[in-house]
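Q: Please work out how this folds:
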Amino acid sequence: MAVKSTRLLIVSLMLGLALAVLGTTPPRPAPADAPQDEFSAERAMVDVERIARAPHPSGSAEHAALRGYLMQRLSELGLTVRIQQGAFPPDARSELNRRNGKSEEHVPLTNVLGLLRGTESNLPAAALMAHYDSVPGSPAAGDDGAGVASILETLRALSLDRERKRDVLVILTDGEESGLLGARMFFAQAQEARRIGAIINLETRGGGGKANLFQTSALNGDVARLWASTAPHPAGTSLATFIYSILPNDTDLTVALPHGYPAWNFAFIGRPGLYHSPLATAPNLDRGSLQQMGEQTLGLARALAKTTDLPRRAPDIVFFDAFGLFAIHYAPGWGWAMLAVAFLGYGALVMRRPDLPEMFVGSARMLALLALTGGLLWAFNMVSGADGPVNYYDRLAAIPRLQAIALCGTAAVSVLLLGSRPESVAGEVGLVLPVWLAAAAFQAFAPTAAYVLTVPLLLSGVVALMRATGAGSGLGVAAVAVAGLVTGYALLLGYSLMQAVGTGLPMVCILPLMMVMPVLVPLRAPLSQGLMKGLSMTLLVLAVGVALWVRWDTPAASIAAYEQVPAPGG
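A: Numbers count the residues shown, from 1 in each chain. Below you'll find the predicted structure:
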């Protein structure tokens, strides 16, 4: 049995790793000779290369030259183009001057607006928005050259569509990097703002990775369903929209949301060291990320332009992509049904040999695992340099190493505390109980985000029910399939969470840890105390070594040009 369990565990981990790689990898970029009605990252890269030929902060000569190029491109695509003009307010002008090392007394604020006519211009317009300014010192191939180029390639494809009813409005904002100034001016003053029926915003914080739908308008049921039905390679989760709603971050869409438009916000945050970086050049941009951003934008824009009925405000739903292959969505109330199935499955399993003391011990081990892991990840973060002054961009560049630290630390504690099989089924069920209670609390207070626990519990609960009812040959296959699926998504989630907030909150990794424990615990074989301790110590030493590497490493070459860098080891 031990050998069999070991093999099942290895197969599950390999399947999970393969799914995690699949789920974190953007699609292949479409070639320049792709069908004309499709989005092609290779075609869009022509615009990225022009946009990112040099830094183009607001008010600079390069910014003015880029504006002329963008206006010409929009005109060539058949749009009616105009500019909206204003000026930087004094405080924003002072900060821009500080970053630029200049002392300009006037900095113009200039939005570029374009209109692609449909056959029924009386309908509210579908708007596409991105910003075309960069921070000083960065060519900004990602932030936001990728967004602007995605819009241009989307417009090229849309301009060929004779079934387009709705006008498509393009908003290329200025001054986003200085406090969303162009967006504020547009939505406060432009008459076109009153014509908008729905809006898509494109952003980035890095140079690659999955292009995720990370924010929507409120009451997003219809909004999320439309995205799910139009995205060729969907990337997005209601967990991300929940997390973003409680973070203090802003994009241009922040200014638009109070107007009540149906709205979608896309961004990629991989290759995080390229955020605002002098190395954010066109060759360093992940073309697969550009492809995924653009094809999702085109799918939505085409659907909006063709329909006479825009998405309505509808109750929020749970949604997430299944490793980029397709999107899953359902009403949040189904989370309670999933928890009920898990309760039934584990209840039937434990009733075969009830043992309350063993359940208590199992629950205590799980709580110890979560507490010790969270504390250890916090400590490793301090060792890596977070205990003193840090440079934000230097920490972003260190995220791949911080991810490795989190993985090693989490695995070390898991092996040490749970490396031996519980003495009874009751002990195993006790391990799951804290996860079930956490999922119930999550479901009660954040039902659109709770799927990360309720879905794994549903699947593991079904396997538990199969074990309780004496299922035969199919049990092993089911256990491995469930363990592989959940492990793959947990690895994907941990990877994404570390990219998003890992520089300050690596403790978020206890969430994917809670996902995998119910599905992996039944498969593991008992390990000797010596092997467990040796493996745990090896992983801990690796984590400490990488943390010290981050702490004492020289500042990354990718740091934003206007940032001051603390001395190594600070």
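Q: which strands and helices sit next to the helix or strand where residue 371 lies?
A: Assigned by DSSP states H and E, residue 371 belongs to helix 356-381. Counting contacts by 3 or more Cβ pairs under 8 Å, 6 or more residues apart in numbering; DSSP states H and E, helix 356-381 is packed against helix 399-418, helix 425-445, helix 510-520, helix 529-552. Heads up, the C-betas are built off the backbone N, CA and C, glycines and all.
Q: How about residues contacting the shortest one?
A: With Cβ atoms under 8 Å, 6 or more residues apart in numbering as the test, helix 510-520 has contacts from 9, 12, 366, 369-370, 373-374, 377, 410, 414, 418, 431-432, 435, 438, 452-453, 456-457, 459-460, 463, 479, 482-483, 486-487, 489-491, 493-494, 497.
Q: and residue 107, what does it touch?
A: 58, 59, 87, 88, 92, 93, 96, 97.
Q: repeat for residue 160
A: So residue 160 contacts 36, 37 (Cβ under 8 Å, 6+ apart).
Q: Looking at neighbours, which among the contacts of residue 107 is most surrounded?
A: Among these, residue 58 has the most neighbours (other Cβ atoms under 10 Å), with 28 neighbours.
Q: Buried residues, the helix or strand hosting residue 484. List them.
A: Assigned by DSSP H and E, residue 484 belongs to helix 474-501. By 16 or more other Cβ atoms under 10 Å, the buried positions in helix 474-501 come out as 476, 479-500.
Q: if we can go back for a sec, any chance of the helices and strands packed on helix 356-381 in JSON lines, plus mean neighbour count, mean pLDDT and distance to residue 80?
A: What follows is the helices and strands packed on helix 356-381, written out as JSON lines (neighbours: other Cβ atoms under 10 Å; pLDDT from 0 to 100; distance: least, Cβ to Cβ, whole Å):
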{"stretch": "helix 399-418", "mean neighbour count": "21", "mean pLDDT": "93", "distance to residue 80": "43"}
{"stretch": "helix 425-445", "mean neighbour count": "20", "mean pLDDT": "96", "distance to residue 80": "48"}
{"stretch": "helix 510-520", "mean neighbour count": "24", "mean pLDDT": "95", "distance to residue 80": "48"}
{"stretch": "helix 529-552", "mean neighbour count": "16", "mean pLDDT": "93", "distance to residue 80": "51"}
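Q: Nearest to residue 197 among the ones you listed would be which one?
A: helix 425-445 (33.0 Å; Cβ to Cβ).
Q: Give the other helices and strands that that closest one contacts.
A: The contact analysis (3+ Cβ pairs under 8 Å, 6+ apart) places helix 425-445 against helix 334-351, helix 356-381, helix 451-468, helix 510-520.
Q: Tabulate these in JSON lines, adding columns for distance to residue 550.
A: As requested, those are exported to JSON lines (distance: least, Cβ to Cβ, whole Å):
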{"stretch": "helix 334-351", "distance to residue 550": "38"}
{"stretch": "helix 356-381", "distance to residue 550": "9"}
{"stretch": "helix 451-468", "distance to residue 550": "28"}
{"stretch": "helix 510-520", "distance to residue 550": "21"}
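Q: out of the ones you listed, which comes closest to residue 326?
A: helix 451-468 (14.9 Å).
Q: any idea of the angle the closest one forms with helix 334-351?
A: On the basis of axes from the mean of the first three to the mean of the last three Cα atoms, to 10 degrees, helix 451-468 is oriented at 30 degrees to helix 334-351.
Q: Quick one: work out the angle between helix 451-468 and helix 425-445.
A: Using the same axes, to 10 degrees: helix 451-468 against helix 425-445 is 150 degrees.
Q: Among the helices and strands packed on helix 425-445, which comes closest to residue 232?
A: The nearest among the helices and strands packed on helix 425-445, by Cβ to Cβ, is helix 451-468 at 22.6 Å.
Q: Quick check on the residue nearest the centre of the chain: phi, psi?
A: Nearest to the mean C-alpha position of the chain, by Cα atoms, centre = their mean, lies residue 212 at 5.1 Å. The phi/psi pair for residue 212 (degrees, to the nearest 10) reads phi -90, psi 140.
Q: isn't it right next to residue 241, touching?
A: No: the criterion here is Cβ atoms under 8 Å, and residue 212 misses it with residue 241 at 9.7 Å.
Q: Quickly list what's touching both of these two.
A: Common neighbours of residue 212 and residue 241 (Cβ under 8 Å, 6+ apart) do not exist.
Q: Isn't residue 484 up against residue 20?
A: No: using Cβ under 8 Å, residue 484 is not in contact with residue 20; the gap is 10.1 Å.
Q: any common contacting residues for these two?
A: By Cβ under 8 Å, 6+ apart, no residue touches both residue 484 and residue 20.
Q: Mind listing residues that contact stretch 434-444?
A: 332, 335-336, 339, 342-343, 346, 363, 366-367, 370, 449-450, 453-454, 457, 514, 517-518.
Q: Buried ones only from the residues you listed, please, as a PyMOL command.
A: Entered in PyMOL, the line below selects the buried ones among the contacts of stretch 434-444, by 16+ other Cβ under 10 Å:
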select buried, resi 332+335+339+342+343+346+363+366+370+449+450+453+454+457+514+517+518
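Q: ok, for residue 232, nearest residue in space, not its chain neighbours?
A: Leaving out its chain neighbours, the residue that sits closest to residue 232 by Cβ to Cβ, 6 or more residues apart in numbering is residue 295, at 5.1 Å.
Q: Where does that neighbour fall, secondary structure wise?
A: Counting by DSSP H and E, residue 295 is found in helix 287-306.
Q: quick one, phi/psi of residue 249?
A: phi -80, psi 150.
Q: Return the backbone torsion pair for residue 562.
A: According to degrees, to the nearest 10, residue 562 has phi -90, psi 0.
Q: was I right about it contacting residue 136?
A: Yes: taking Cβ under 8 Å as the definition, residue 562 is a contact partner of residue 136 at 5.5 Å.
Q: what residues are shared contacts of those two?
A: Shared contacts of residue 562 and residue 136, counting by Cβ under 8 Å, 6+ apart, come down to 99, 100.
Q: helices and strands around the helix or strand hosting residue 148, which ones?
A: Element membership of residue 148, judged by DSSP H and E, is helix 147-158. Counting contacts by 3+ Cβ pairs under 8 Å, 6+ apart, helix 147-158 is packed against helix 41-51, helix 61-76, strand 108-116, strand 125-131, strand 168-173, strand 196-204, helix 287-306.
Q: Pull that helix out as CSV, backbone CA atoms only.
A: Taking Å, rounded to 0.1, in the frame of the first residue of the first chain, the C-alpha atoms of helix 147-158 are listed here in CSV:
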residue,chain,number,x,y,z
GLY,A,147,-2.7,48.2,-24.0
VAL,A,148,-2.5,50.9,-26.7
ALA,A,149,-1.3,48.4,-29.3
SER,A,150,-4.0,45.9,-28.4
ILE,A,151,-6.6,48.6,-29.0
LEU,A,152,-5.1,49.5,-32.4
GLU,A,153,-5.1,45.8,-33.5
THR,A,154,-8.6,45.3,-32.2
LEU,A,155,-9.8,48.3,-34.2
ARG,A,156,-8.1,47.0,-37.3
ALA,A,157,-10.1,43.8,-37.0
LEU,A,158,-13.3,45.5,-36.0
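Q: Run the angle between it and helix 41-51 for me.
A: 130 degrees.
Q: Next, the angle from helix 147-158 to strand 196-204.
A: 130 degrees.
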